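Visitor: whatever this is, show me its structure:
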Amino acid sequence: MNTDHLEHLKMIQAAIARMAQNSFVAKGWSVTLVTATLALTVTEKQHALVLLSIVPVLAFWSLDAFYLLQERRFRVIHDQILQDAAAGQPATFLMDTRQVRHKAAGGASTFFSRTVLWLHLPLLFVVLSVGLAANAETIRSLLTCIATALHLR
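Guide: Below you'll find the predicted structure:
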């Protein structure tokens, strides 16, 4: 393996480390914003605000999945570099993950992977549970109105 391949591998490994760090930070911000929004909902007694917590959950879930997808694509490039070096081919210094998207797991499988789901799905469940509990009276009134409207027809 020549020095060009080694330098390319270092660049890819740095990108993979950055994606992992960004994913970690996204998870932290997701928990922080949801907790802050739920705390604001309880202290200000603005029960409709709890539904606002769904936005950061879904946004950071998507962002976390994107970073994982990019990390997986960089790993494919990493493997290609090793194969090229073993075959004696020159280093390409490829950093564009779009060129390997067909070789890595897709967006949907990344969005629902265990490493992404373990945090964001329970967080979404907590937000929805608190939202239903906090707005139980409003939901009951709405269902009563709907039932009344259906019986009048």
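Visitor: after the helix or strand harbouring residue 36, which helix or strand is next?
Guide: In this assignment (DSSP states H and E), residue 36 forms part of helix 3-44. Using DSSP H and E, the helix or strand that follows helix 3-44 towards the C-terminus is helix 54-87.
Visitor: next, the angle helix 3-44 makes with that following helix.
Guide: 170 degrees (axes from the mean of the first three to the mean of the last three C-alpha atoms, to 10 degrees).
Visitor: identify all contacting residues around the following helix or strand past helix 54-87.
Guide: Next in sequence after helix 54-87, counting helices and strands by DSSP H and E, comes helix 107-111. Contacting residues not belonging to helix 107-111 are listed as 61-62, 65-66, 68-69, 72, 116 [C-beta atoms under 8 Å, 6 or more residues apart in numbering]. In short, each C-beta sits where N, CA and C put it, glycine included.
Visitor: next: stretch 73-80.
Guide: Contacts of stretch 73-80 (C-beta under 8 Å, 6+ apart): 9, 12-13, 15-16, 19, 94-95, 97, 100-101, 103-104.
Visitor: same question for it, mean pLDDT?
Guide: Stretch 73-80 shows an average pLDDT of 92 in the prediction.
Visitor: rewinding a little: just the buried ones from the contacts of helix 107-111?
Guide: 61, 65-66, 68-69, 72, 116 (16 or more other C-beta atoms under 10 Å).
Visitor: okay, and the helix or strand of the protein with the least pLDDT?
Guide: One helix or strand of the chain scores below all others by mean pLDDT, DSSP states H and E: helix 136-152, with a mean of 78.
Visitor: mind exporting the C-alpha coordinates of that one to PDB?
Guide: Extracted in PDB, the C-alpha atoms of helix 136-152 (Å, rounded to 0.1, in the frame of the first residue of the first chain):
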ATOM      1  CA  ALA A 136     -57.000  14.300  27.500                       C
ATOM      2  CA  GLU A 137     -59.800  16.700  28.200                       C
ATOM      3  CA  THR A 138     -59.500  18.400  24.800                       C
ATOM      4  CA  ILE A 139     -59.300  15.100  23.000                       C
ATOM      5  CA  ARG A 140     -62.400  13.900  24.800                       C
ATOM      6  CA  SER A 141     -64.300  17.000  23.800                       C
ATOM      7  CA  LEU A 142     -63.200  16.700  20.200                       C
ATOM      8  CA  LEU A 143     -64.300  13.000  20.100                       C
ATOM      9  CA  THR A 144     -67.700  14.000  21.700                       C
ATOM     10  CA  CYS A 145     -68.200  16.600  19.000                       C
ATOM     11  CA  ILE A 146     -67.300  14.200  16.200                       C
ATOM     12  CA  ALA A 147     -69.600  11.500  17.700                       C
ATOM     13  CA  THR A 148     -72.400  14.100  17.900                       C
ATOM     14  CA  ALA A 149     -71.900  15.200  14.400                       C
ATOM     15  CA  LEU A 150     -72.000  11.600  13.100                       C
ATOM     16  CA  HIS A 151     -75.200  10.800  15.000                       C
ATOM     17  CA  LEU A 152     -76.900  13.900  13.500                       C
END
